[in-house]
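Visitor: Here is my input, please return the structure:
(4 chains)
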There are 2 protein chains.
Amino acid sequence: MITLRDLSRHLGLSVTQVSRALNGHSDVSEETRARVLQAAKDLKYHPNLSARKLVTGRSGMVGLVLPGKPVSPGDSFFVQMVAGLSAYFSRRERQFVLHIADGSGDIVDAYRRLIDGGGLDGFILLSPMVDDSRVAYLRQRKVPFVIHGRTVPAPDYPFFDIDNETVGHTLTRLLIERGHRRIAFLNGPRRHTFVEWRRDGYLRALAESGIAADPDLHLADEMTEGFGMIGGLRLMTSGAPPTAVICGNTLILKGLIQTLGALGLEVPRDVSVVAHDDALPGLRAAGFDPAVTVTRSPLEMSWQPLAEILLGHMDGQPVDGLQIWGPVEVIERGSIAEIMG
Amino acid sequence: MITLRDLSRHLGLSVTQVSRALNGHSDVSEETRARVLQAAKDLKYHPNLSARKLVTGRSGMVGLVLPGKPVSPGDSFFVQMVAGLSAYFSRRERQFVLHIADGSGDIVDAYRRLIDGGGLDGFILLSPMVDDSRVAYLRQRKVPFVIHGRTVPAPDYPFFDIDNETVGHTLTRLLIERGHRRIAFLNGPRRHTFVEWRRDGYLRALAESGIAADPDLHLADEMTEGFGMIGGLRLMTSGAPPTAVICGNTLILKGLIQTLGALGLEVPRDVSVVAHDDALPGLRAAGFDPAVTVTRSPLEMSWQPLAEILLGHMDGQPVDGLQIWGPVEVIERGSIAEIMG
DNA sequence: CTGTTAGCGCATTCAC
DNA sequence: GTGAATGCGCTAACAG
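Guide: Coordinates of the predicted model:
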């Protein structure tokens, strides 16, 4: 292993000067800098992050903490995210620590250990919740982070998010415009902010058209195929079934489609269906039969912004430029039937 | 953030003594140790790994380097492994660094950076290859590692593996015993040792029964559904098709089944099929129609041994006890037809 | 059993 | 521009 000291002796310079040259300080002659850089490459010098961390307090290592649930195909959301982030940081010569938390115990403890002991100084947070304890803790510790989503509508920390209120509103509007008035929503778990915001958009669209919201038509549960099946069954076998159903993601959609098939209901003849599509591999709404009209925001377009925002934040860039909205596309595919007034 | 120094002042002891108490040294009075441990818990002390690494040369952080290919459902092997390992190490208060390598460049560079710069001092290696450069490098650097598999039949480093020669032999024997003599093998990529060893077992079984091996019946390629389809097609449409096919895993099996279906061939009436089953979620051989006879070694039973072996190795345990064979089960499910002599 | 001393590799004062 | 000294938090000699 080669250290700064080795380099300095090799070059006949002081350790200090080599350090300065490597870190791009201004008070180094161009010639010296060139020599140092060349030698560093030749000798395959790699700065010792532990040593650097000890003196600067920062290691540049970033982390992602995931809840410790068993892996299932439905977790392809996390898989995509982990793979994307890890590859991105690896390319940038950053260390990416994946921590799958022990389900028991406070999640904040995991962060504390990672910060105090492990020297992590940057985090990506997924699936923000109302009153998110992770956010509170990291803010208090003044550790940089970026969230995929938001905990409040207008936060003062960096984030990458889509406009979920608009997602809910758009999907609902699509149906209302075709004459639907009994519109159901198989949403996600209440604890997540985006679920509530999509619901807000849904309710706003209904209100704008003077449609009374029927609480029985809005179901909130884990975003699984199972929920799609059970929720769909509950909706369609109730006394007053909806004429259209909105699905929070394509996993729910998949379940719903199965239930509809089992009930002998055809899309869009018997019931119209729309969904939000994260464009996860193997779960494309375009692949369903019939293809389903969706709002679409590819998850795979979120790693890079998330990573860049985090690195920017760790570099001390102002928060304003680090609050970024991802695009939401509307793709009509004919899974909505026209209802005559 | 709370340091050893804080603890020592709080307790009225020297920093050294507190360190010793925490690290389980013998020369500490029981009373002192108890006091220290209690105070550490109360003040939520977490040792600074960077500092420790600097003086001991070891941080306890372990890493997994994966080749930088795009993620697909077929990578569920890696997904399972990553999730299992990460969860295990997290529970043991170890940091687990996932590094998805940039495809370009020498893979060894990734390890160099992680060791020199990142302070990693233990690795899990997956998918060992003939003349594996990673093994050579880590051995030279004297960095502890554990391999899922082996690079040579009797290595002097720790590993967790199954007896792949026996897997090949067993699957082939099952078919020979039912009278098959034209037995094909859709194996994996030649670069992997386990592929060669399975082939050895296959050839040995054939030889033992005096069956001449037909090179056209052994196909080696990436273990994908596509290979199962293409390879199966090639086998079954050749001039002299086999009466039985062995699949290297259930992904290949899945592809083969599709081809057979497309060709109007029925299992086991028209062709017998066996496979090796890693028991990946969603790819259970039991779920195929008809259920397929397999050798089975659940992947999910490998993280824990792998992790334990690595930690043992890092603790300096002798290698003898760290070379472990996982079980291989034979499950007969009636996908083999009897061939009358 | 306990405390004092030294140094891991690096960045950052402060002098020159 | 450059170099010498200092300390980050911790463990490992070395005394007592």
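
Visitor: quick one: A:Thr56 and DNA strand C, what's the gap?
Guide: Between A:Thr56 and DNA strand C the computed distance is 5 Å (CB to the nearest atom of the strand, to the nearest Å). Where C-beta positions appear, they are placed from N, C-alpha and C, glycine not excepted.

Visitor: er, A:Cys247 I mean
Guide: A:Cys247 is 50 Å from DNA strand C, by CB to the nearest atom of the strand.

Visitor: Report how many residues lie close to that residue.
Guide: 30 (other CB atoms under 10 Å in any protein chain shown).

Visitor: Can you read off the pLDDT for it?
Guide: Here the pLDDT value assigned to A:Cys247 is 98.

Visitor: which ones are touching it?
Guide: A:Leu186, A:Gly228, A:Leu253, A:Leu256, A:Val273, A:Val274, A:Ala275, A:His276 (CB atoms under 8 Å, 6 or more residues apart in numbering or on different chains).

Visitor: mind redoing it with 6 Å?
Guide: Residues counted as contacts of A:Cys247 (CB atoms under 6 Å, 6 or more residues apart in numbering or on different chains) are A:Leu186, A:Leu253, A:Leu256, A:Ala275.

Visitor: give me the element the nearest residue to A:Thr172 once chain neighbours are set aside is part of.
Guide: Spatial nearest neighbour of A:Thr172, excluding adjacent residues (CB to CB, 6 or more residues apart in numbering or on different chains): A:Ala205 at 3.6 Å. In the assignment (DSSP states H and E), A:Ala205 maps to helix A:193-208.

Visitor: Would you give the sheet partners of the very next helix or strand once past that helix, along with the direction of each?
Guide: Next helix or strand after helix A:193-208 toward the C-terminus (DSSP H and E): strand A:218-219. The pairing partners recorded for strand A:218-219 under DSSP bridges are strand A:183-186 (parallel).

Visitor: Distance of the closest residue in space to A:Met301 that isn't next to it in sequence relative to A:Pro298?
Guide: Spatially, and ignoring its direct neighbours in sequence, A:Met301 is nearest to A:Gly326 (6.3 Å; CB to CB, 6+ apart). To A:Pro298, A:Gly326 is 9 Å away according to CB to CB, to the nearest Å.

Visitor: how far does the helix or strand bottoming out on mean pLDDT in chain A sit from the chain's center?
Guide: When the helices and strands of chain A are scored by mean pLDDT, DSSP states H and E, helix A:76-91 comes last with a mean of 87. Distance of helix A:76-91 from the chain centroid (CA atoms, centre = their mean, to the nearest Å) equals 11 Å.

Visitor: could you give the angle of it to helix B:76-91?
Guide: Taking axes from the mean of the first three to the mean of the last three CA atoms, to 10 degrees, one finds helix A:76-91 and helix B:76-91 inclined to each other by 80 degrees.

Visitor: Would you mind listing the residues in contact with the residue positioned nearest the centre of chain A?
Guide: The geometric centre of chain A, computed from its C-alpha atoms, lies nearest to A:His148 (CA atoms, centre = their mean), at 3.7 Å. Counting by CB under 6 Å, 6+ apart, A:His148 touches A:Leu126, A:Phe160, A:Leu306.

Visitor: Which of the residues you listed fall in strands?
Guide: Among the contacts of A:His148, the residues falling in strands (DSSP state E) are A:Phe160.

Visitor: next helix or strand past the least confident helix or strand of chain A?
Guide: strand A:96-100.

Visitor: For that following strand, give the mean pLDDT please.
Guide: 89.

Visitor: Residues in contact with that strand: which ones?
Guide: Outside strand A:96-100, the residues touching it (CB under 6 Å, 6+ apart) are A:62-66, A:68, A:86, A:89, A:110, A:120, B:86-87, B:90, B:95, B:97-98.

Visitor: so which pair among the residues you listed is furthest apart in space?
Guide: The largest separation in the contacts of strand A:96-100, counting by CB to CB, is between A:Gly68 and A:Phe89 at 22.0 Å.

Visitor: Compare these two (neighbour count), which wins?
Guide: For A:Gly68 versus A:Phe89, the count of surrounding residues by other CB under 10 Å is larger for A:Phe89: 26 against 19.

Visitor: give the contact list for that one.
Guide: Here A:Phe89 is in contact with A:Phe96 (CB under 6 Å, 6+ apart).

Visitor: run the last query once more with 7 Å
Guide: A:Val62, A:Phe96, A:Ala307 (CB atoms under 7 Å, 6 or more residues apart in numbering or on different chains).

Visitor: Same question for A:Leu22.
Guide: A:Val36, A:Ala40.

Visitor: Check what pLDDT it gets.
Guide: So A:Leu22 comes in at 93 (pLDDT).

Visitor: And the one 10 residues further on, by the same measure?
Guide: Model confidence at A:Thr32, expressed as pLDDT, equals 92.

Visitor: And A:Pro153, by the same measure?
Guide: pLDDT, read off for A:Pro153, is 93.

Visitor: OK, contacts around the closest residue to it other than its chain neighbours?
Guide: Using CB to CB, 6+ apart and skipping residues adjacent in sequence, the residue nearest A:Pro153 is A:Trp197, 7.8 Å away. The neighbours of A:Trp197, taking CB under 7 Å, 6+ apart as the test, are A:Asn164, A:Glu165, A:Gly168.

Visitor: could you say what helices and strands the helix or strand that contains the second one packs with?
Guide: Read it as A:Glu165. Taking DSSP H and E as the definition, one finds A:Glu165 inside helix A:164-177. Applying 3 or more CB pairs under 7 Å, 6 or more residues apart in numbering or on different chains; DSSP states H and E, we find helix A:164-177 packed against helix A:193-208, strand A:244-247, strand A:272-277, strand A:293-296.

Visitor: Mind listing the strands the third one pairs with, and their directions?
Guide: When you say that, I think you mean strand A:272-277. Using DSSP bridges, the strands paired with strand A:272-277 are strand A:244-247 (parallel), strand A:293-296 (parallel).

Visitor: How about residues contacting that strand?
Guide: Contacts of strand A:272-277 (CB under 7 Å, 6+ apart): A:167, A:171, A:174-175, A:180, A:243-250, A:253, A:256, A:267, A:285, A:292-296, A:335-337.

Visitor: and the stretch 51-200 of chain A, which of its residues are near chain B?
Guide: A:51, A:53-54, A:59, A:68, A:71-73, A:79-80, A:83, A:86-87, A:90-91, A:93, A:95-102, A:112-113, A:116-119 (CB under 7 Å from any CB of the partner chain).

Visitor: check contacts around the nearest residue to A:Ser133 once chain neighbours are set aside.
Guide: With sequence-adjacent residues excluded and distances taken as CB to CB, 6+ apart, A:Ser133 is closest to A:Val108, at 5.5 Å. With contacts defined as CB under 7 Å, 6+ apart, A:Val108 is in contact with A:Ser133, A:Arg134, A:Tyr137.

Visitor: Check A:Pro67 too.
Guide: A:Ala101, A:Gly103 are the contacts of A:Pro67 under CB under 7 Å, 6+ apart.

Visitor: how close does it get to chain B?
Guide: Taking CB to the nearest CB, to the nearest Å as the measure, A:Pro67 falls 10 Å from chain B.

Visitor: quick one: low-confidence ranges for the stretch 1-150 of chain A?
Guide: A:69-74 (pLDDT under 70).

Visitor: Close to DNA strand C: what parts of it are there?
Guide: A:1, A:3-5, A:15-16, A:19-20, A:22-23, A:45, A:47-48, A:51-52, A:54-56 (CB under 7 Å from any atom of the strand).

Visitor: Would you write out the ChimeraX command that picks the buried residues out of these?
Guide: Those of those that count as buried under 16 or more other CB atoms under 10 Å in any protein chain shown are selected in ChimeraX with:
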select /A:4,19,20,22,45,47,48,51,52,54
